[in-house]
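Undergrad: Quick one: sequence and predicted model below, then my questions.
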Amino acid sequence: MKIKNRIPMYIAVQLEGYGGKRVWLQLPANKERFDEAVGKIDGDCGCFRISDYAVKVPKLSIGDAMRTPLSVMNYLASRLNRLTDDGILKLCAIADSDYYFDRVGQILDFTFQSHYYRLLPGITDEELLGQYHIGGPKNYIADAVLKRFIDRRDYGRRLAETEKGAFTPHGYITSTIGWGLTPKMRNVPDSLNLKGYLDEDLYGDWSECDVTI
């Protein structure tokens with residue numbers, strides 16, 4: 001399947017009718033597109049199931065998607081589409097750190113709170129972080145003679161420990177709201193709340209994704 005969306009993220013769901021017909025639906029989708037896709041697999045009256053996902057979101061697996069209600073995945077796709085390039089890089093950096101998100105609710109929260117995270121591109125180790133703050137654009141230490149006697153690596157290490165920052169291939173990232181917080185309960189907009197058989201969302205447990213419908 002070829003998906004036309006901006007790299008590096010997309011979410012698409014594969015719906016399968018009881019007769020075996022399948023169709024891919026790229027998310028986010030409104031109810032009209034959802035009903036159209038269901039019609040292509042003769043899935044009227046809710047006679048269909050989710051057979052697969054195509055996912056390219058940092059630390060989000062197909063298993064995570066399958067365990068999450070479809071409306072929540074649809075909402076997540078909508079929120080990811082709103083991220084700026086800077087926000088996307090921050091999410092990629094977090095995924096490559098020890099603070100990576102392991103719940104759908106955390107990724108969804110990030111789309112509302114990306115401005116609370118700071119990424120310094122190219123700063124990939126303690127020495128570079130020390131150099132950035134000692135002799136870089138911040139120029140915290142103005143005395144040129146004093147700068148020569150400061151151990152850049154030790155300075156960067158101590159700063160990273162204080163800020164609880166993380167070095168990643170994308171750069172150095174910090175958070176002003178802390179790491180590993182419990183996701184907030186968020187309501188899925190009615191326009192994105194895709195329903196399945198008997199007006200219930202397809203699959204998933206509300207408690208597992210920390211989102212309330």
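TA: Cool, got the structure.
Undergrad: okay, now Leu76: neighbour count?
TA: Residues near Leu76, counting by other CB atoms under 10 Å, number 26. To be clear about C-beta, it is placed using only N, CA and C from the backbone, and glycine gets the same treatment.
Undergrad: Figure out how far stretch 53-69 is from the centre of its chain.
TA: Distance of stretch 53-69 from the chain centroid (CA atoms, centre = their mean, to the nearest Å) equals 11 Å.
Undergrad: And the contacts of stretch 155-165?
TA: 125-134, 166-167, 172-175, 178-179 (CB atoms under 8 Å, 6 or more residues apart in numbering).
Undergrad: Pull the distance from it to the chain's centre.
TA: Taking mean C-alpha positions (CA atoms, centre = their mean), stretch 155-165 and its chain are 25 Å apart.
Undergrad: domain ranges for the chain?
TA: Domains of the chain are assigned by automatic domain parsing as 10-114+182-209, 122-169.
Undergrad: would CSV of those with mean pLDDT be doable?
TA: Shown next, in CSV, are those (pLDDT from 0 to 100):
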stretch, mean pLDDT
domain 10-114+182-209, 88
domain 122-169, 81
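Undergrad: Which stretch among the ones you listed is buried most, on average?
TA: Highest mean neighbour count of the domains of the chain: domain 10-114+182-209, a mean of 17 (counted as mean count of other CB atoms under 10 Å).
Undergrad: For that one, what is the distance to the chain centroid?
TA: With CA atoms, centre = their mean, you get 11 Å for domain 10-114+182-209.
Undergrad: Pick out the residue closest to the middle of the chain.
TA: Ile107 (4.1 Å; CA atoms, centre = their mean).
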